[in-house]
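> What shape does this take:
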Amino acid sequence: MATTATVATTIQNLLHGFWSFAVTESLESFNGLSNESVKMHSHALALFLVYLLVHVFLVLGDNSASADIKGKSSSSSLSLRLKTNSRLIELPASTPTSRRFPTSTVNQASTNDELDDSDDNSTLTEPSIEDLELDLEKQCPRSTPAERRRFLVACNGRLEPAATRLQQYLEWHEKYQILQSTCPRIRPTRDRDYDVWVESCLVAMKGCGEVENIVLPRVIRSYQRIQSHNQGETVAPKARDCHVMTDEEGHRIFHIIPAMMDDKLAKQSTYTLAVALYLDRQVDRHSMDTVTICMDVRAGRGWPNTHAVKLVPFMKSSLKLLLPLFPERLHKCVVYPLPSAFYFLWTMISKCMDAVTAAKICVVSGKCFIEAEPPTDKLIAHLGKEPALLLEPARISMFKA
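Numbers count the residues shown, from 1 in each chain. Now for the predicted structure:
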């Protein structure tokens, strides 16, 4: 059987080869916004995104202890079982953050170092998760219980790496909070999500030394469903009436459209920082909530439609910044629409990956033309009916003449 490293290398080489071909073809035809050039642009971008996601998840999986996530549904009790040599540390992933973690036990493994869950006869006393959390709180007193838990899970229950990463996040968070206090206040609109993006852009522009009064294109957004008090009654959207749009499992949805990014307005690192600041403000630090990312790789009418090659630094820097800052936040990433031939390739590749990684990367096939019908039925399977039907009208509303 091939080793994990061999499988990882094979997967990366296959995707990189197909992506290189798509980029070469799209560079030769990317003059104006013809249907063919737009399609090739989307192909190249989609392939690179999948390649990059696979690369990141496989590398992270190789460099850490193996993880086995068990569970039947989002409402059922999940447990993250972290294996390190012959020891087992168990973290209950759905325990409310107000509770302390229960004491974990370490089962003695068999002589061949295989894990035997049924062997409860001999146990070794190890620091409990509660003890680890208390120690982490002493080192990072400004952190929340949910943050301490997430960073401990991300570091497989190892205190020192968790403390280092959590401290780095707290310093980053406080640095830009101070910077935000020096930025001009904006006039609130009825779209709170837009206001958060504008504020994040202003802080990012100032932090990166850009022109401070420019609002960057809205490359990421979330949506709200507005409930009326009586059936058929239309009411103004107040804070108490608005609820964030989630998928059918209850995970908040963020819609990312890379083709809207205009690298003439700001450096790509500025966009990366703006996205990180936006997510930091939109996801509650006191919760264990995970999010679903919907990434639409199509070009759009009147958009900058920055070529996939130029988007490479943005996507790489985004993953490099976001993964350490927001561990254990990603439920899954839905990338769409991918051409049928490339979708078949992904199906073959995903069989070589572990089930947890494959489940986090959801590739949806479909046509890549600007005004082609979206793969709605397939999106419904991943997101549920209401959010799947919302994404395309929202995308079209962003078109420019």
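
> quick one: L391 and L379 touch, right?
Yes. Taking Cβ atoms under 8 Å as the definition, L391 is a contact partner of L379 at 6.8 Å. Using the backbone N, CA and C atoms, a C-beta is placed for each residue, glycine as well.

> Looking at the two, which is more packed in?
Counted by other Cβ atoms under 10 Å, L391 and L379 do not tie: L379 has more neighbours, with 25 against 22.

> any common contacting residues for L391 and L379?
Common contacts of L391 and L379, defined by Cβ atoms under 8 Å, 6 or more residues apart in numbering, comprise C294.

> Quick one: residues contacting the residue nearest to D247 when sequence neighbours are not counted.
Among residues not flanking D247 along the chain, L383 sits closest, at 4.5 Å (Cβ to Cβ, 6 or more residues apart in numbering). Contact analysis of L383 by Cβ under 8 Å, 6+ apart lists D247, E248, I253, T292, C294, V334.

> Highest neighbour count among those residues?
Top of the contacts of L383 by neighbour count (other Cβ under 10 Å): T292, with 25 neighbours.

> Next one: it from R329, what distance?
To R329, T292 is 11 Å away according to Cβ to Cβ, to the nearest Å.

> next one: V211
31 Å.

> can you check I220 too?
From I220 over to R329 (counting by Cβ to Cβ), the distance is 14 Å.

> could you point out which element follows the helix or strand where R148 lies?
Assigned by DSSP states H and E, R148 falls within helix 145-154. Per DSSP H and E, the first helix or strand lying C-terminal to helix 145-154 is helix 159-181.

> I'd like to know which helix or strand in this protein has the lowest mean pLDDT.
strand 67-70 (a mean of 34; mean pLDDT, DSSP states H and E).

> can you give me the mean pLDDT across the helix or strand that contains R225?
Assigned by DSSP H and E, R225 falls within strand 224-226. Averaged across strand 224-226, the pLDDT comes to 70.

> how far away is the residue nearest to A372 when sequence neighbours are not counted from A299?
Distances taken as Cβ to Cβ, 6+ apart put G366 closest to A372, at 7.4 Å, once the chain neighbours are dropped. G366 sits 14 Å away from A299, taking Cβ to Cβ as the criterion.

> Looking at those two, which has the bigger crowd around it?
Higher neighbour count among G366 and A299: A299, with 24 against 21, using other Cβ under 10 Å.

> For the more buried one, grab phi and psi.
Backbone torsions of A299, given as degrees, to the nearest 10, read phi -80, psi 170.
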